[in-house]
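1. Using only what follows, build the 3D model:
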Amino acid sequence: MSAELKKGRIVIVGASLAGLRAAETLRDEGFTGELTLVGDEPCPPYDRPPLSKQVLLGRVPATDVGLPGRRPVDARWKLGVRASGLDPSTKEVLLANGERLPFDRLLITTGTRARPWPHPEEARLDGVLTVRTVEDAGRLAERLDAGPSRVLVIGAGFTGSEIASACRERGLAVTVAERGPAPLVGALGGTLGSFAARLQRAHGVDLRCGVTVTSLTGTNGRLTGAELSDGSRIEAEVAVVALGAVRNTEWLDGSGLAAGPRGVACDAGCQAFNMYGIVTGEVFVAGDVARFPHPLFEYQMLALEHWGNAVEQAEVAAHNMVNPGPLRRPHLTVPAFWSSQFGLNIKSVGVPTFSDQVTIAQGSVEERRLVVVYGYRGRITAAVSVNRAKWLDHYRHLIETAAPFPPEPGAADRPAAPKVVPSDVPDPKVLSHGPTVALTGHLPDRRLAVVHPMA
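-> Prediction:
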């Protein structure tokens, strides 16, 4: 059985970070069969985090963010072609060009795309942009190089906040519109959301919270500004839509997989479920498009948009694709991510939104060096550091061991009696931005049952 798994045909749909690392791991694990990677973008895999950071600051060209290969993968690359369907009966991936790719095992790593502006005519105005692909970042960098009089950023999540930071570092006027009460609040809760709001305003950002952009306006096909829900109007030559991500699952409609807007459901070993909750056995999923259970968070299904998760889950999926049951392993890594904005380095471990209380365990808001620890029902579930990342390994261990919340005082830079307050995580429905880590509950996107006829 083990030797047979090292052979055959494996198709990976999604030729980005997770797809590349999975392909490398498959070869490292001894897979000698036919390997094919499918990607809808025409370029080889590249690194996305620099797109909203170094590229927008002009420090790195958009064409210079390719991912270095860790080893040759000896694969067929089908780039610039989109997967349009999956036929489980014949075990084939259908491509938009009409080609059909047979497989013995399939790995889905199709990730996410930027959520577009919901009004197509306004979205087509020259100057309305998103940032998700290398082409997106290159276009926005060119617009910023031209020195627009004002940039409007719609959505104050991590991407929107990083774009605003880049604009201010370039000396550009920027307005940020956010439907929620503060920037980053959907990912980090009220305490750090309030801190982020003060930080952005201190750096000259025209931050508008509690409002929505009702329309984008233009003349002769070019963006001229926006109208807000409070009746105000903003003049801007560039508008960046940062409304979160859409998971690329539409191509799986009709496939029988448990796939929907929240991702493709799988078990802890990355094996995809069908709509009846049965593990498929031949189909695996990894990266941003995956929904998987995690024991540290009450076995709720997690959906993560994190660089580290894409790598680690892809490696677990690849290992399990070529090893029999007793040798398979679960993906149980504690989620972690980072962001650089307004001169600060923000790093997180755990799931801050899985919390009911929060405390500043080290440092202070005033010195802009602190660690905020989150708790849920009396145990530690997350920690976020601001310019204090060296402590995160310590808090990761506390999360993994379900240590009691609040953390015990004792270190020299910890308050003797830290103040505990509600974590104040808002309902995602009231936000413009989406969290990069989302708890999606225990339920599938669609429920099915077998109904037996009455006798």
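2. hang on, isn't T212 packed against S229?
-> Yes. Taking CB atoms under 8 Å as the definition, T212 is a contact partner of S229 at 4.6 Å. Yep, even glycine has a C-beta here, placed from its N, CA and C like the rest.
3. any low-confidence regions in the stretch 151-300 of the chain?
-> With pLDDT under 70 as the threshold, the stretch 151-300 of the chain has no low-confidence stretch at all.
4. where along it do the helices fall?
-> 158-169, 185-202 (DSSP state H, counting those that start in this stretch).
5. Okay, buried residues for the shortest one please.
-> In other words, helix 158-169. 158-168 (16 or more other CB atoms under 10 Å).
6. contact partners of that helix?
-> Counting by CB atoms under 8 Å, 6 or more residues apart in numbering, the neighbours of helix 158-169 from elsewhere in the structure are 52-53, 56-57, 131, 140, 144, 151, 153-154, 156, 173-174, 176, 178, 183-184, 187, 196, 200, 203-205, 240, 242, 339-342, 432-433, 436.
7. hmm, 7 Å instead?
-> Contact with helix 158-169 is made by 52-53, 56-57, 131, 144, 151, 153, 174, 176, 183-184, 187, 196, 200, 203-205, 240, 242, 339, 341-342, 433, 436, as judged by CB atoms under 7 Å, 6 or more residues apart in numbering.
8. Show the pLDDT at the residue nearest the centre of the chain.
-> Compute the mean C-alpha point of the chain, and by CA atoms, centre = their mean the closest residue is E305, 1.7 Å away. At E305, the predicted lDDT confidence score is 90.
9. Quickly note the distance from it to E121.
-> Taken as CB to CB, to the nearest Å, the spacing of E305 relative to E121 amounts to 29 Å.
10. Pull the number of nearby residues for A236.
-> When counting by other CB atoms under 10 Å, one arrives at 23 neighbours for A236.
11. Would you mind confirming that it is in contact with I154?
-> No. Counting by CB atoms under 7 Å, no contact exists between A236 and I154, whose distance comes to 10.3 Å.
12. so what's A236 closest to, chain neighbours aside?
-> Of all residues beyond its chain neighbours, the one nearest A236 is L152 (4.0 Å), with distances taken as CB to CB, 6 or more residues apart in numbering.
13. The one you found: neighbour count?
-> Applying the criterion other CB under 10 Å, we find 29 residues in the vicinity of L152.
14. give me every residue that touches it.
-> Contact analysis of L152 by CB under 7 Å, 6+ apart lists 175, 177, 226, 234, 236, 239.
15. Run through the residues that contact the fifth one.
-> Right, A236. Residues near A236 by CB under 7 Å, 6+ apart: 150-152, 175, 223, 225-226.
16. same question, the third one
-> With contacts defined as CB under 7 Å, 6+ apart, A226 is in contact with 152, 213, 215-217, 234, 236, 239.
17. of those, closest to E29?
-> Using CB to CB, A239 is the member of the contacts of A226 that sits closest to E29, with 46.0 Å.
18. didn't the closest one look like it was pressed against G127?
-> Yes. Contact criterion CB under 7 Å: A239 and G127 qualify, at 6.3 Å.
19. Look at these two and report which has more neighbours.
-> More crowded of A239 and G127, by other CB under 10 Å: A239, with 28 against 20.
20. what's the spacing between the residue nearest to the more buried one when sequence neighbours are not counted and T175?
-> Closest residue to A239 apart from its sequence neighbours, by CB to CB, 6+ apart: L152 at 4.3 Å. Shown here: L152 relative to T175, a distance of 5 Å by CB to CB.
21. what sits in contact with each of these two?
-> 234, 236.
22. So what's the residue count around A382?
-> Other residues within reach of A382, judged by other CB under 10 Å, total 30.
23. can you check N309 too?
-> Around N309 there are 26 other residues, counting by other CB under 10 Å.
24. ditto for the one 3 residues further on
-> Counted by other CB under 10 Å, the residues lying close to E312 total 20.
25. Can you tell me the SS state at it?
-> helix (DSSP: H, G, I helix; E, B strand; the rest coil).
26. that older thread, any idea how far K7 is from the residue nearest to A236?
-> As for L152, its distance to K7 is 54 Å (criterion: CB to CB).
27. and what of F273?
-> 26 Å.
28. ditto for A164
-> Going from A164 to K7 by CB to CB gives 51 Å.
29. do the same with G218
-> G218 is 57 Å from K7, where distance means CB to CB.
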